[in-house]
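Novice: here is a sequence together with a model predicted from it:
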Amino acid sequence: MGGKNRPQNTIWNFYPTYDQYVSYMVGFAAAHPTICKLDTLGTTVNGRLLLMVKLSDSVNVNRGKPEFLYTSTIHGDEVCGYILMLHLIDSLVNGYGTITRVTNLLNNFQIYINPLANPDGTYYGGNGTVFGAQRYNANGVDLNRNFPDPTGLMHPDGNSWQPETKAFMHLDSTHHFVMSANFHAGDEVLNYPWDTWSRLHADDAWFQLVCHEYADTVHHHSHAGYMTELDDGITNGYAWYTIEGGRQDYTTYYHYGREVTMEISYIKLLPADSLISYWNYNKRSFLNYIEESNYGINGQVTDTTNGSPLNAKVMITGHDIDNSFEYSNAASGWYYRPISPGPWDLTFSCPGYTTKTVHGINSVFRHTTRMNVKLAPIGFGIPITQKTFTFAYPNPSDGNIHLILPETGVSYAYTIYDLTGKLIQSGAIDGKGEQSIVSLNFTHLQKGIYLLKLDNGSNSFENKLIIQ
């Protein structure tokens, strides 16, 4: 496999020490720097590292590709997923360029994998062994009850947010994972939202569809009876048993994501010689589930005047409730909306822009329907009334503009507003003397349409500015 930090010819049929785990994660990135990047999300109560790798053919940039997250072992004694995620990273970095499906995944997705979300719990008995692992973190807190709950309870378990919880809350706030899953053990079933509410998620039919796909694929490659609990291997969380403060509901509600909880082994500390079997049961489903985040309806939302990306709300009309809508990425304009087969009506809205609804968009299971949308700024095409004359040029511009002052020998206050009416910048112009033209630099402003106002205390003047 290569690299001094990499396990040589590793067969993932053992539980590594904590130091080995860190070495392996470092080694994955060191051996494959063009497709694998290591990140430290934070540290635990006892100072152990919360590690995650990003896998993509563009690990240092975000090109608008869908972001996907796998995280495992938030309960420290449920360790099967921990090893299977190390195995998954290993298979992806080594399969890139030789296995077509793996290559396509890294070329078209940004895949994030955190194999061990609670290292203090897993290595409670010491860094040298997972034997002695406990469910809780070092403070004795169940981390899967420690998140803000959709019911509005910020601390539903009565505990302060733990360092591990804060790290994952920060991760969710700095990324938008279209889909994600967290791995547990103690049962063999996929649990989908909500855990905290009896009412169903707006995308309940879609959750059932993709969870059955995962379980049905597993059934073809596992021993009889594996992952057949409840509804043939899947369950609604609340119908199974209710919890508050779970990561699944937090991510799904507060970050407009779609996360499920995957219970992949009845035995929490699975015998090491069974790990390869469980890998073979689940490995195809791991890939299927990642691919689902690029199916449904997706596309790019941009400004109709200059093509700049917009952070727009994407809502399925008459369908979305409880934060089930999406937002397009502010940097790229791309949105991804997994959804069960349609047709659907999608409404796109953004502050300062005219809302647009597109009717009858068809979606097909495990297929992508592309829907790019351009939104027009409010008032675009309608001239702004000028009180005297045009005084700003060139317009449009790159932000370097010249102002022809309506009156000489007078000082002016200037203000710039965006189309929502928000004040962006203000300042003063010394127009005393015979100066009739002044220059201003607004190149720091984002592309878009603004309203520039001049006021000399007696008269005011307005111009529309287009920065491109």
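Specialist: Right, received. Where do you want to start?

Novice: please make it C-alpha for all contacts and neighbour counts, starting now.
Specialist: OK.

Novice: from Ile113, how far out is the closest residue to Pro343 other than its chain neighbours?
Specialist: In space, and not counting its chain neighbours, Pro343 is closest to Asn362: 4.2 Å by Cα to Cα, 6 or more residues apart in numbering. Computed as Cα to Cα, to the nearest Å, the Asn362 to Ile113 distance reads 32 Å.

Novice: looking at the two, which is more packed in?
Specialist: Legend: neighbour count by other Cα atoms under 10 Å for Asn362 and Ile113, higher for Ile113 (22 against 16).

Novice: ok so that one is a strand residue?
Specialist: Yes. Using DSSP: H, G, I helix; E, B strand; the rest coil, the secondary structure at Ile113 is a strand.

Novice: what pLDDT does it get?
Specialist: pLDDT for Ile113: 98.

Novice: go on, Thr415?
Specialist: Thr415 is given a pLDDT of 81.

Novice: how many neighbours does it have?
Specialist: Using other Cα under 10 Å, Thr415 is surrounded by 17 other residues.

Novice: give me the element it is part of.
Specialist: strand 412-418 (DSSP states H and E).

Novice: what about that strand, distance to the chain center?
Specialist: Chain-centre distance of strand 412-418: 36 Å, with Cα atoms, centre = their mean, to the nearest Å.

Novice: list the buried ones in it?
Specialist: For strand 412-418, a neighbour-count test (16 or more other Cα atoms under 10 Å) marks 412, 414-418 as buried.

Novice: now swap in stretch 226-246 and tell me
Specialist: 226-228, 232-238, 243-246.

Novice: now the residues you listed as TSV including secondary structure, pLDDT and distance to Ala392?
Specialist: Converted to TSV, the buried residues of stretch 226-246 look like this (DSSP: H, G, I helix; E, B strand; the rest coil; pLDDT from 0 to 100; distance: Cα to Cα, whole Å):
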residue	secondary structure	pLDDT	distance to Ala392
Tyr226	coil	98	71
Met227	coil	98	68
Thr228	coil	97	69
Asp232	helix	97	67
Gly233	coil	98	65
Ile234	strand	98	62
Thr235	strand	98	62
Asn236	strand	98	60
Gly237	helix	98	59
Tyr238	helix	98	60
Ile243	coil	97	60
Glu244	coil	98	57
Gly245	coil	98	54
Gly246	coil	98	54
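
Novice: before we move on, the earlier item: from the contact counts, what lies against the strand holding Thr415?
Specialist: Counting contacts by 3 or more Cα pairs under 8 Å, 6 or more residues apart in numbering; DSSP states H and E, strand 412-418 is packed against strand 423-429, strand 448-455.

Novice: tell me which strands it pairs with, and in which orientation.
Specialist: strand 423-429 (antiparallel), strand 448-455 (antiparallel) (DSSP bridges).

Novice: where do the strands sit along the stretch 251-400 of the chain?
Specialist: 259-265, 296-303, 313-316, 326-327, 334-337, 344-349, 356-361, 368-370, 373-375, 392-393, 400-404 (DSSP state E, counting those that start in this stretch).

Novice: looking at these, which is nearest to Gly128?
Specialist: With Cα to Cα, the closest approach to Gly128 among these belongs to strand 259-265: 23.2 Å.

Novice: kindly reformat the strands paired with strand 412-418 as JSON lines containing mean neighbour count, mean pLDDT and distance to Asn463.
Specialist: Shown next, in JSON lines, are the strands paired with strand 412-418 (neighbours: other Cα atoms under 10 Å; pLDDT from 0 to 100; distance: least, Cα to Cα, whole Å):
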{"stretch": "strand 423-429", "mean neighbour count": "13", "mean pLDDT": "79", "distance to Asn463": "15"}
{"stretch": "strand 448-455", "mean neighbour count": "20", "mean pLDDT": "79", "distance to Asn463": "5"}
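
Novice: nearest to Asp172, out of the strands of the stretch 251-400 of the chain?
Specialist: The nearest among the strands of the stretch 251-400 of the chain, by Cα to Cα, is strand 259-265 at 11.7 Å.

Novice: quick one: strands adjacent to that closest one?
Specialist: Partner strands and pairing direction for strand 259-265 (DSSP bridges) are strand 177-184 (parallel), strand 187-192 (antiparallel).

Novice: got CSV for these, with mean neighbour count and distance to Lys166 too?
Specialist: Below are the strands paired with strand 259-265 laid out as CSV (neighbours: other Cα atoms under 10 Å; distance: least, Cα to Cα, whole Å):
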stretch, mean neighbour count, distance to Lys166
strand 177-184, 25, 16
strand 187-192, 24, 23
